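>>> One predicted model, sequence on top.
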Amino acid sequence: MKTIIVGIFLMGGLFFFMVGTVGILRFPDIYTRAHSAAKCDTLGAILSLTALIIYNGLNIVSLKLLLIIVFIWITNPTATHLIVKVKHENDKKEKLKDGVSENESI
């Protein structure tokens, strides 16, 4: 039974990694690509590491994997947000440099 649950979690994680990769390749701009990467990679990593925790049982290694899950859960969306925020600021600066006001771009 444990092997089946581990397989389900691992296949779920691999599915989200695959969907995120397809999203990065298919989406047209950095904003949608970043969304795909952040959501799918975070969920894929969490599901895969959860499968390892279930497979390994409750011990010190499982605690370390749980800490890695928390770290990924906090840092991956934060880093993606900062990358997209910098890109958005650079886009606004380029529009202002080209003579387009902020009201015209909305």
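The structure has been received and is ready for your questions.
>>> So for the chain, the centremost residue is which one?
Nearest to the mean C-alpha position of the chain, counting by Cα atoms, centre = their mean, stands Ala38 at 2.2 Å.
>>> Tell me the spacing between it and Lys95.
If you measure Ala38 against Lys95 using Cβ to Cβ, to the nearest Å, the figure is 25 Å. Bear in mind the C-beta positions are built from the backbone N, C-alpha and C, glycine included.
>>> tell me the contacts of the residue nearest to the centre of the chain?
Shown in contact with Ala38 (Cβ atoms under 8 Å, 6 or more residues apart in numbering): Asn76, Pro77, Thr80, His81.
>>> what packs against whichever helix or strand Gly13 is part of?
Element membership for Gly13, per DSSP states H and E: helix 2-26. Using 3 or more Cβ pairs under 8 Å, 6 or more residues apart in numbering; DSSP states H and E, the elements in contact with helix 2-26 are helix 30-56.
>>> do you know how far the residue nearest to the centre of the chain is from Phe9?
Noted for Ala38: a distance of 20 Å to Phe9, by Cβ to Cβ.
>>> quick one, the top helix by length along the chain and helix 30-56 angle?
Longest helix of the chain, by residue count under DSSP state H: helix 60-97. Between helix 60-97 and helix 30-56, the angle comes out at 180 degrees (axes from the mean of the first three to the mean of the last three Cα atoms, to 10 degrees).
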